[in-house]
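Asks: Sequence below, structure please.
(2 chains)
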Amino acid sequence: MTSYALSFWLAGVALEGTILVRALVVGWYKKCPFFFGYLACVFVQDVFFLSVYSFKFKYYKPIYWYAEFFSLLMGCGVTWEIFRLILGRYPGAGRMARNVLAIVLLTVLTKGLVGAWNGDIPWTVTMVELERNLRAIQALSLIVLALLIAYYRVPLGRYAKGIYAGYGIFIATMVMTLTLRASIGQAFQAAWVFVQPHCYAASLGIWCVALWSDEQSPVEQSQSKIEEDYQSLALLTRRSLVQAREFLDRAIRP
Amino acid sequence: MTGALTLLAIGFLLIASLVYLLRRRGLEEEDVPWLRDEDSGIPSAHSEDHRKGQLDRIFGCEDWDFIRKSTSSRVQQLFLKERKGIALSWLSRLRREARTGMRLHVARVRASEELDPLAELRLAIDYYAFQAKCGLIAAILLLGGPMALRNMVGQAESLSNNLRGMLEAALKPDAFSQRTRVR
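Replies: Next up, the predicted model:
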């Protein structure tokens, strides 16, 4: 490992440590316990890896993949927490997210099963491919979330925005680099070793900025109107759309 | 190879959606107010009649026929230019009203426990189809003006009627052979 890569690694560990300390000082670990747990695990792993890398290098590679899968599982918890932070106050949009996600997962699983049945996809995939596929499912969930945020104009708090942006960039770049690693093979290894730490450092930078200070509690919207019936609201919107369409048709045909 | 491209596309799509979300401004502060129903883009019966009258005036040929017969070409050009501007502004107002209605809808239902995904999907399709139609009409208005719109639609309709007639005739072999026998 070059001195540049080593210093980059150390800087990453320092940044993780700083974010964790800030979490304890500011107190955001209570609001985002999964994310705090994820970051704490990654921090401990990194410190452990540094010592293994420095003193017992022959164990580094087998340990790496176990740790990678552990952080992948923890990452699923982070994805869940991002959904909870953003859609927690919007059960309607949350319900929509669950439905869309169920459809996406069902489609992916059906495609995988059909591929395996036809023999297009081998049952035994490499570790890189397995991690890539699981990260891709996480990426799809985050895309679904982005669509719902845009459509329902869900406001994002600073913590939610920061965690979502940082983790989203990390997942997107992981999917892309793992895909290229699996497709191109060893030739991409050098680029992978260079690109992956930089992408992770970018995510750490975003988290550090977003989670540095305390977030003001979102002002609860005053529900001056009593909970309205969904069906009547949908009917009202549909009626206004039909009316607008009638006007449009009248402009075309006298 | 297709699988790899799909996965790369997923990665790019996620980055693009994150950039879009981070770039949208002021949405945290902005929230759709609880509008009264009369503000929600649904006009009353009286204003509806008034608007229909306006619509016929903007897109109708009566004024244009008068101008064409009794004024110079410069006045005619001025008239067409102004009419195009009015038609485009009417169209953008209609789009704005639809957009306000949808924003109001999503702001109200996003927290609703009863939200029906299928009804939401239908509404979204209706809304985007309406916006696409508005875009098409705006393009026709920009190219030919409001007078051309009804002419163009009339021509397209007569063309489709002719086509339908020809297809019906072609699908009736008896009628066709009978006609040829007569000749």
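Asks: Can you list the low-confidence ranges for chain B?
Replies: Across chain B, the ranges flagged by pLDDT under 70 are B:25-48, B:152-157, B:160, B:170-183.
Asks: Chain A now?
Replies: A:1, A:112, A:116, A:119-126, A:217-228, A:253-254.
Asks: And the helices in it, which stretches?
Replies: Listed in chain order, the helices of chain A (DSSP state H) span A:3-26, A:33-55, A:60-87, A:91-118, A:127-152, A:158-184, A:189-210, A:230-252.
Asks: now do chain B
Replies: So, for chain B - with DSSP H - the helices run B:2-23, B:45-59, B:62-70, B:73-109, B:117-170, B:173-182.
Asks: Who are the packing partners of the second one?
Replies: What that stands for is helix B:45-59. helix A:230-252, helix B:73-109, helix B:117-170 (3 or more C-beta pairs under 8 Å, 6 or more residues apart in numbering or on different chains; DSSP states H and E). The C-beta positions use only the backbone N, C-alpha and C, and glycine is treated the same way.
Asks: want to throw the helices of chain B into JSON lines with mean neighbour count?
Replies: Output for these, formatted as JSON lines (neighbours: other C-beta atoms under 10 Å in any protein chain shown):
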{"stretch": "helix B:2-23", "mean neighbour count": "16"}
{"stretch": "helix B:45-59", "mean neighbour count": "13"}
{"stretch": "helix B:62-70", "mean neighbour count": "12"}
{"stretch": "helix B:73-109", "mean neighbour count": "17"}
{"stretch": "helix B:117-170", "mean neighbour count": "14"}
{"stretch": "helix B:173-182", "mean neighbour count": "9"}
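Asks: OK, contacts around residue A:184?
Replies: Not one residue lies near residue A:184 by C-beta atoms under 8 Å, 6 or more residues apart in numbering or on different chains.
Asks: follow-up on the earlier one: most packed of the helices of chain A?
Replies: By mean neighbour count, with neighbours taken as mean count of other C-beta atoms under 10 Å in any protein chain shown, helix A:158-184 ranks first of the helices of chain A at a mean of 23.
Asks: any idea of the angle it forms with helix A:189-210?
Replies: Using axes from the mean of the first three to the mean of the last three C-alpha atoms, to 10 degrees, the direction of helix A:158-184 lies 180 degrees away from that of helix A:189-210.
Asks: nearest residue to residue B:64 other than its sequence neighbours?
Replies: Taking C-beta to C-beta, 6 or more residues apart in numbering or on different chains, and ignoring the residues beside it in sequence, residue B:64 has residue B:147 as its nearest neighbour in space, at 5.3 Å.
Asks: which residues touch that neighbour?
Replies: So residue B:147 contacts B:59, B:61, B:64, B:80, B:83 (C-beta under 8 Å, 6+ apart).
Asks: The third one against residue B:79, yeah?
Replies: Yes: contact status for residue B:64 versus residue B:79: in contact at 7.1 Å, counting by C-beta atoms under 8 Å.
Asks: Other residues contacting stretch A:66-80?
Replies: A:34-35, A:37-38, A:41-42, A:45, A:49, A:127, A:131, A:134-135, A:138, A:141-142, A:163, A:167, A:171.
Asks: Give me the distance between residue A:17 and residue A:27.
Replies: Relative to residue A:27, residue A:17 is positioned 17 Å away (C-beta to C-beta, to the nearest Å).
Asks: List the residues that contact residue B:109.
Replies: A:92, A:230, A:233-234, B:115, B:120.
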